[in-house]
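Undergrad: got a predicted model here, sequence first, then my questions.
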Amino acid sequence: MAGAGRVALRDGDAQRALPILRDALALWRGPALAEVADAPYAGAASARLAELRLTAQEDRIEAELRTGRPELLVAELDELTAAHPLRERLAALHLRTLAAAGRPAEALAGYERVRARLADELGVDPSPELRAAHLALLRGEVGPPPEPAVRRGNLRAALTTFVGRDEDLRRLTGLLAGNRLVTLIGPGGAGKTRLASVAAGRLADGLPGGTWLVELAPITDPADVPRAVLDALGRRERARENARSTYRDTLGRLVDAIGTNEMLIVLDNCEHVVDAAARLAEEVLGRCPGLRVLATSREPLGIVGEALEPVPPLRLPPPDATPGDAVAYPSVQLLRDRAVAVRAGFAVTGDNVADVVEICRRLDGLPLAIELAAARLRTLSPRQVVAGLDDRFRLLTGGSRTALPRHRTLRAVVDWSWGLLTDDERRLAERLAVFPASVTATAVALLDALVDKSLLQVVGDGRFRMLETIREYGLERLAAAGAAAQARAAHAAYFRDLVATAEPHLRTAGQLPWLRLLSAERENIIGALHFACDAGDADTALRIGAGLALPLTIWGDDGGIGGDVLARALALPGPAPAAERAVVLAIRVVTEMFHAAREPTDEQVAELAAGVRAAEGTGHPIVALLEPALSIFTDDTAAGIAAVDRARGHPDPWTDGTLLAMRSQIRENDGDAEGMLRDSTRAIEELRAVGERWSLSMVLSQHADALTKRGDFAAATEALEESTRLARELDPAAEPGFQLIWLAAIRARSGDVAGAKAELRRFVASRTADRDGRDAAFGLMMLGAIARQEGSLDEAHECLTEAKRRQEDAPLLAPQFRGLLLTEAAHLALAGGDVAGARACMSEAIVRGIAARDMPVVAIITVGWVAVAEAEGRYERAAELLGVSDSLRGWPDRSDPDAQRLAERLRAELGDDGYAAAYARGHGLSRADALAFVGGDPAR
């Protein structure tokens, strides 16, 4: 902003530069980086910012000096030159200001002081700029400035800061430079009048005829619009003449008054007399070539030559914004600035930032609503204001006494907009209020009128959004008319049917557009699900929930559909299809399992089993997968394989291929590595033929893991790269964490350790908190393991510490991952000689691994016990444990540097025969005995 002011100043336009520079300097709040001034990185940055601020102050002073009243600058310059005695531009400004204020003797004395100080302290002469100012003073060329030109117009000075519209202001002034009619359109309370007034003020000095604000809000008769413009221009007619004047007479006098003058007229609040305002604008613009018109309205004037400029709400911070981030958003800046005016010392802090952000977000960033909320902060805390927004129309009252009546309360703002609608438009708007998110013309027809009247906002991709405040008003009117339940039921039925229509397509190669559609409609679907639960409609609730089974799995979390609403749906009495009930129950169990980071309880498993039995014979594609899935929870491998074999040959090809993938997983968990590889190979073939991406991506990852353990790094890399490509097709905005991390691990084990570490660091740096926290923790653990195996123990310790922190913050983290993290901590402890610490980590790690019933993970954890036993000199026990690990896995892991290193050491200690005998004892244990063995204290 200061840069724009400097450009204007250099162009000789001090009048335009001055307000820009003032606004720029008003954004400063104390010294730069004051909170971190002692930090090593802050010094240079703080100095640079301070220099920029001082330069902007100099520019502003020069602009002030050029526009008059130099006596008002003397005290400020006295202070600045005392603080910066060797700054020559300041000295030159001081000299010119003193002379212009009629104090030339003081100016000459000041020059001599600066010249002497420059010579004494720096050994230099004054700069050319300072010498030129001195010479002009000696010649009498610097004196009091001429009287400033009288500005024409009726714009009033602002009483409050102008916040958050810098970009809008730049765009608007550009439009006015190239168009003679510009209309600002937007919802009530968006700040159209203020933006128009500020823009008009910026243009005033370049328009000899001035800038004139015409307030049309008080006008009730459209015929009075020309007379209102005449009055604003100061051409008020006598009452008797007014009575006899026709519309054409008044219009003629207005055209005569404007003539050829270059001027700007702001027609403010045109919406209730929009036809009259349009006719007037067309007439005077056609007959007065020097005239420009800036209109504000909730709908366009709709005439040829009109340039439309929407005035959107102020930008909103994300819900989790920190205080520093939040105050960078205009909506929060406005709330803070207005709150300070009524409550001295108010600031956005860590204690109130969540409430401040919620106030701004729930009020849609509407400036008027935010200002009304800020006024309530005089007596209420931000948290109390948030609570009061449930009844926002009762809370947000008490605006300015001098404001227009419709701007004194939030209800009045919306009442005014509603009153401008036709009956059909009102009915449509009320029914749109049941949509909690954006809508499309497919879901609701005839939206153009509501967009034109700023009741709906265009949000891109053919979607429209109703502001929350307007939506609440519409719901109120629906409820008052007794039509809310009917409208919400129609909304729920529409989205129930949409989900049902989409579901079969999600299991095909054509899934992508349907997934995008469901993602775009997610909030509406959630709203429909909540209403069905509120209404006790079990059929609708369960059909919606079941139809989302695959999307929720693909999205990687509960998709914003909390487990609580699914539990409510399952608890609803009344008729509901058994298949959908079973599917929703499965979603609920899995969602809770990941949120709680634990396995489902016996009661949950039993309930799910009963639900699966009730749904037998329905042929539902997802139900066919539930019985094999149950075997994973119950750890009954034989039952799982038998269930897959019974369900194979399902008429849905996606289900049939996914059954093979599930059998592959069951075999892997049973230690049948060869069977697992056969099944995953066939599953890949079948799912490739189907074209559905998510299941194919998952089985490719599982297949790649098996190939990696066999040492076939090239084939594993190829499978992972295909899996990664498919995952990116499903969600181009997200990186598939597991695949990328495992690709880096293969890269390291293939010899490119430096490249692998660089890739892992890049990946971790790109991950954020929340959902990405688990991927970051996994990547950090892998990075730490590579560093440890290289001997870089400090780096490994840093990675592991950060991985632990990330996993503590990450939701939906599988419990077995915590076991892997503890195992890596044990390896690192052993590398540092801490055997007791390693034993403690392993004792907890094995409990987590066995509880998760994940045998490949238990095999990795068991290698940690091998390392502990080897460190304690129990070599035979270590070899037995290595045999157990390979048995649980199904084959030796040729990709694990720790297992390979330990095997070599144990052979060296025991000899080939001794090692082979001990290894065989462990390898020959049944799965139950092996788990019992490692589940106690196997290193003893």
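TA: That came in fine, so what should we check first?
Undergrad: gap between Ala492 and Ile526?
TA: 11 Å (CB to CB, to the nearest Å). In this view, the C-beta of every residue, glycine as well, is placed from N, C-alpha and C.
Undergrad: compare the two (neighbour count), which wins?
TA: Ala492 (26 against 20; other CB atoms under 10 Å).
Undergrad: now do the same for the more buried one: helix, strand or coil?
TA: Of the three states, Ala492 takes helix under DSSP: H, G, I helix; E, B strand; the rest coil.
Undergrad: contacting residues around it?
TA: Contacts for Ala492 (CB atoms under 8 Å, 6 or more residues apart in numbering) come out as 528-529, 531-532, 535, 537, 540, 544.
Undergrad: give me the neighbour count for the residue lying closest to it once chain neighbours are set aside.
TA: Of all residues not flanking Ala492 in the chain, Ala528 sits nearest, at 4.0 Å (CB to CB, 6 or more residues apart in numbering). Using other CB under 10 Å, Ala528 is surrounded by 28 other residues.
Undergrad: ok so Ala528 is a helix residue?
TA: Yes - the assignment for Ala528 (three-state DSSP) places it in a helix.
Undergrad: so where does Ser697 fall, helix or strand?
TA: helix 693-709 (DSSP states H and E).
Undergrad: CA atoms of that helix as PDB?
TA: The C-alpha coordinates for helix 693-709 follow below in PDB (Å, rounded to 0.1, in the frame of the first residue of the first chain):
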ATOM      1  CA  ARG A 693      -9.400 -47.000  -8.000                       C
ATOM      2  CA  TRP A 694      -9.500 -47.200  -4.200                       C
ATOM      3  CA  SER A 695      -9.700 -51.000  -3.800                       C
ATOM      4  CA  LEU A 696      -7.100 -51.500  -6.500                       C
ATOM      5  CA  SER A 697      -4.800 -48.900  -4.900                       C
ATOM      6  CA  MET A 698      -5.000 -50.600  -1.500                       C
ATOM      7  CA  VAL A 699      -4.300 -54.200  -2.800                       C
ATOM      8  CA  LEU A 700      -1.400 -52.800  -4.900                       C
ATOM      9  CA  SER A 701       0.100 -51.400  -1.700                       C
ATOM     10  CA  GLN A 702      -0.400 -54.600   0.100                       C
ATOM     11  CA  HIS A 703       1.100 -56.500  -2.800                       C
ATOM     12  CA  ALA A 704       4.100 -54.100  -2.900                       C
ATOM     13  CA  ASP A 705       4.700 -54.700   0.800                       C
ATOM     14  CA  ALA A 706       5.000 -58.500   0.200                       C
ATOM     15  CA  LEU A 707       7.300 -58.000  -2.800                       C
ATOM     16  CA  THR A 708       9.500 -55.700  -0.700                       C
ATOM     17  CA  LYS A 709       9.900 -58.400   2.000                       C
END
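Undergrad: list the helices and strands the very next helix or strand once past it packs on?
TA: Next along the chain after helix 693-709, taking DSSP H and E as the criterion, comes helix 713-730. The contact analysis (3 or more CB pairs under 8 Å, 6 or more residues apart in numbering; DSSP states H and E) places helix 713-730 against helix 511-520, helix 693-709, helix 737-749.
Undergrad: could you redo the last one with a cut-off of 7 Å?
TA: Judged by 3 or more CB pairs under 7 Å, 6 or more residues apart in numbering; DSSP states H and E, helix 713-730 is in contact with helix 693-709, helix 737-749.
Undergrad: any idea how far the longest one is from the chain center?
TA: It stands for helix 693-709. 32 Å (CA atoms, centre = their mean, to the nearest Å).
Undergrad: and Leu138, how far from Ala107?
TA: Computed as CB to CB, the Leu138 to Ala107 distance reads 10 Å.
Undergrad: mind picking out the helix or strand in the chain with the poorest mean pLDDT?
TA: helix 239-244 (a mean of 42; mean pLDDT, DSSP states H and E).
Undergrad: show me what counts as buried in the helix or strand just after it.
TA: Counting by DSSP H and E, the next helix or strand C-terminal to helix 239-244 is helix 247-258. Residues of helix 247-258 classed as buried by neighbour count (16 or more other CB atoms under 10 Å): 247, 250-251, 253-255, 257-258.
Undergrad: pLDDT check: weakest of the residues you listed?
TA: Lowest pLDDT of the buried residues of helix 247-258: Tyr247, 71.
Undergrad: distance check, that one against Arg471.
TA: From Tyr247 to Arg471 the distance is 40 Å (CB to CB).
Undergrad: quick one: Arg839 and Ala871 touch, right?
TA: No - here Arg839 does not reach Ala871: they are 9.3 Å apart, not a contact under CB atoms under 7 Å.
Undergrad: can you report phi and psi for the nearest residue to Ala624 once chain neighbours are set aside?
TA: The shortest distance from Ala624 to any non-neighbouring residue, by CB to CB, 6+ apart, is to Ala647 (4.6 Å). Dihedral angles of Ala647 (phi, psi; degrees, to the nearest 10) stand at phi -90, psi -20.
Undergrad: wait, Ala647 sits on Leu659?
TA: Yes - at 5.5 Å, Ala647 and Leu659 qualify as touching, with contact defined as CB under 7 Å.
Undergrad: now list whatever residues contact both of these two.
TA: Common neighbours of Ala647 and Leu659, using CB atoms under 7 Å, 6 or more residues apart in numbering, are Ala624.
Undergrad: these two: which is more packed in?
TA: Leu659 (24 against 19).
Undergrad: hang on, isn't the more buried one packed against Arg646?
TA: No - using CB under 7 Å, Leu659 is not in contact with Arg646; the gap is 9.7 Å.
Undergrad: now the common contact residues for these two.
TA: Joint contacts of Leu659 and Arg646 (CB under 7 Å, 6+ apart) do not exist.
Undergrad: can you list the buried residues in stretch 413-420?
TA: Residues of stretch 413-420 classed as buried by neighbour count (16+ other CB under 10 Å): 413-414, 416-418, 420.
Undergrad: go on, stretch 860-873?
TA: 860-872.
Undergrad: so for it, mean pLDDT?
TA: Mean predicted confidence for stretch 860-873 is 94.
Undergrad: export that stretch as PDB, just CAs?
TA: Presented in PDB, the C-alpha positions along stretch 860-873 are these (Å, rounded to 0.1, in the frame of the first residue of the first chain):
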ATOM      1  CA  ILE A 860       8.300 -56.400  13.100                       C
ATOM      2  CA  ILE A 861       7.800 -55.900  16.900                       C
ATOM      3  CA  THR A 862       9.300 -59.300  17.600                       C
ATOM      4  CA  VAL A 863      12.500 -58.200  15.800                       C
ATOM      5  CA  GLY A 864      12.800 -55.600  18.500                       C
ATOM      6  CA  TRP A 865      12.800 -58.400  21.100                       C
ATOM      7  CA  VAL A 866      15.400 -60.200  19.100                       C
ATOM      8  CA  ALA A 867      17.600 -57.100  19.400                       C
ATOM      9  CA  VAL A 868      17.100 -56.900  23.200                       C
ATOM     10  CA  ALA A 869      17.900 -60.600  23.700                       C
ATOM     11  CA  GLU A 870      21.000 -60.200  21.500                       C
ATOM     12  CA  ALA A 871      22.200 -57.200  23.500                       C
ATOM     13  CA  GLU A 872      21.800 -59.200  26.700                       C
ATOM     14  CA  GLY A 873      23.900 -62.100  25.300                       C
END
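Undergrad: run through who's touching it.
TA: Counting by CB under 7 Å, 6+ apart, 819-820, 823, 826-827, 830, 835, 838-839, 842, 845-846, 849, 877-878, 881-882, 884-885, 888, 896, 898-899, 902, 905-906, 934, 938-939 sit against stretch 860-873.
Undergrad: out of those, which are inside helices?
TA: 819-820, 823, 826-827, 830, 835, 838-839, 842, 845-846, 849, 877-878, 881-882, 884-885, 888, 898-899, 902, 905-906, 934 (DSSP state H).
Undergrad: what about the residue lying closest to Asp635 once chain neighbours are set aside, which SS state?
TA: Spatial nearest neighbour of Asp635, chain neighbours left out: Arg853 (4.7 Å); criterion: CB to CB, 6+ apart. At Arg853, secondary structure determined by three-state DSSP is coil.
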